[in-house]
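S.K.: Sequence unavailable; structure follows:
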Ligand SMILES: Nc1ncnc2c1ncn2[C@@H]1O[C@H](COP(=O)(O)OP(=O)(O)OP(=O)(O)O)[C@@H](O)[C@H]1O
């Protein structure tokens, strides 16, 4: 596959393809072929748009020639392609710096990540070129099988025409720690995956933010697909469902939309509370739900509250949600929190002594996302300072950690305003389209902090930043975590900024 793609690019080069367009193609990977459809993965929506519009014809023709048959292109976004190897860490830059110095620090880091912000066509880099991608072809991950498609091999994928969606590879039952707080929800989720539509239908899982609902949904999808390779699974956040619905009306593609959601065996719908008050979308979901349920297809729903407390929903909808099994997830007890940290440390290959796990688990009790965030902070600090992870280090890093209750007062407005002030930028800068290195990094830090310090969903955070896509927020979170582990300057900046925001929000 790699060779065919390389040959295609070489042929396009020889053909005299403009350098800008060539640069976009260097970010793309040929990840699979199914019948006459070639699946191309690109790192962001902007590259997808360019490949699908300006480059489609040339690529289709050249690739077809290399393969000796006619092909069609399907382009999918895989944000992991945007992850670039980083140069060596910068020296210690200290804490007390002015805004201009902080911007300079980012500029000095030699980050090559302008691609990370996958927004509109006017969002090009200063040179008008996308950055170069990694040379290794990244496998398209977590592609979910769809009607008529064969089960994808590892590293291969299925084309978009027959529908394709994503599951997070990390969210499996294997990586899910069972404790008293989630035992019932876990057992119900396993039962549903083992017997879609025959165990409990719908399965409705509710509970506060960061307690593993999304994790369980994805795990159901993975496990069901492993057991029944031909099962068609679709995971969707209810905000994406809403956007998809609105777009389908706008583009007159209602039939496509209905096929996408009704022609599945297992529909996993996350955070249903976001449909609150959206009358038309609810109506559409109601029909989707009924169609699937009547056809003996599985529906799994998550929410922050039980159906009875879902305000802004019609009674007929709430009663549908109660037809199957209701289960909640509770904050984990201390033992479960420690077990989650242990598992996370093993997963991320972090060496963390037992007393540090216990210390972190004792400090953070109500949100597993925060628990993981604290572990990452401690280990990142240790690696930056080339120190072993021990209690005294953990105490220093978590000293300023303000108890959970206060985090609910942190708003995205505070985060954006504080981040702008910290870097000497304007709020419009952070919400706008500029892709200078400093702005991209500052924006990513603000997105990361929204993810860490608020309970907002990815799409909601994206909206706070000029209507950016949820994948941009996901990428920002990952990027900043990675930078914090590798760059002392970024670690210091994020820590200092976090403290300011928390002080401000007290
Ligand atoms: N029991 C568990 N074992 C291991 N990891 C867990 C567990 N529960 C949650 N996590 C981890 O905690 C993080 C937050 O979980 P998740 O996103 O599933 O929460 P959520 O309930 O869907 O939150 P939200 O309502 O904000 O979307 C994820 O990284 C997830 O993998």
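M.R.: That came through fine. Please read these numbers as outputs of a predicted model, since none were measured by experiment.
S.K.: Give me the neighbour count for whatever residue of the stretch 151-300 of the chain ends up closest to the ligand.
M.R.: Nearest to the ligand in the stretch 151-300 of the chain, going by C-beta to the nearest ligand atom, is residue 212, at a distance of 2.6 Å. Where you see a C-beta, it was placed from the backbone N, CA and C, and this is true even at glycine. Burial measure for residue 212: 24 neighbouring residues, criterion other C-beta atoms under 10 Å.
S.K.: again with the one 5 residues further on
M.R.: Using other C-beta under 10 Å, residue 217 has 26 other residues around it.
S.K.: Pop out the phi and psi values for the residue of the stretch 251-400 of the chain found nearest the ligand.
M.R.: Distances between the stretch 251-400 of the chain and the ligand by C-beta to the nearest ligand atom are smallest at residue 368, namely 3.5 Å. Residue 368 adopts backbone torsions of phi -70, psi -30, taken as degrees, to the nearest 10.
S.K.: Setting aside sequence neighbours, what's the nearest residue to it?
M.R.: In space, residue 368 comes closest to residue 210 once its chain neighbours are excluded; the distance is 5.2 Å by C-beta to C-beta, 6 or more residues apart in numbering.
S.K.: ok, is stretch 183-191 in contact with the ligand or not?
M.R.: No - Stretch 183-191 lies out of reach of the ligand by C-beta under 6 Å from any ligand atom, never closer than 7.6 Å.
S.K.: what's the average pLDDT for that stretch?
M.R.: Stretch 183-191 shows a mean pLDDT of 95 in the predicted model.
S.K.: Check what contacts it and list those residues.
M.R.: Residues outside stretch 183-191 that contact it (C-beta atoms under 8 Å, 6 or more residues apart in numbering) are 173, 176, 178, 199-200, 203, 205, 207, 212, 216-217, 219-220, 223, 300, 325, 327-329.
S.K.: Point out the ones among those residues that are inside strands.
M.R.: Of these, the ones assigned to strands by DSSP state E are 203, 205, 300, 325, 327-328.
S.K.: Can you report phi and psi for the closest residue to residue 391 other than its chain neighbours?
M.R.: In space, residue 391 comes closest to residue 355 once its chain neighbours are excluded; the distance is 5.5 Å by C-beta to C-beta, 6+ apart. Per-residue torsions, residue 355: phi -70, psi -30 (degrees, to the nearest 10).
S.K.: And for residue 307, nearest residue in space, chain neighbours not counted?
M.R.: residue 321 (4.0 Å).
S.K.: Quick check: that neighbour vs residue 201, distance?
M.R.: To residue 201, residue 321 is 11 Å away according to C-beta to C-beta, to the nearest Å.
S.K.: Check residue 250 too.
M.R.: The gap separating residue 250 from residue 201 is 32 Å, by C-beta to C-beta.
S.K.: Settle it for me: which of the two has more neighbours?
M.R.: It is residue 201, of residue 250 and residue 201, that has more neighbours when counted by other C-beta under 10 Å, with 19 against 8.
S.K.: Doesn't residue 49 lie inside a helix?
M.R.: Yes - assessed with DSSP: H, G, I helix; E, B strand; the rest coil, residue 49 lies in a helix.
S.K.: since we're on it, how many residues are nearby?
M.R.: Residues lying near residue 49 (other C-beta under 10 Å) number 16.
S.K.: what does the stretch 201-350 of the chain have sitting close to the ligand?
M.R.: By C-beta under 6 Å from any ligand atom, the residues of the stretch 201-350 of the chain that approach the ligand are 209-215, 271, 304, 340.
S.K.: Now for residue 411: which residues touch it?
M.R.: Residue 411 makes contacts with 454, 505, as judged by C-beta under 8 Å, 6+ apart.
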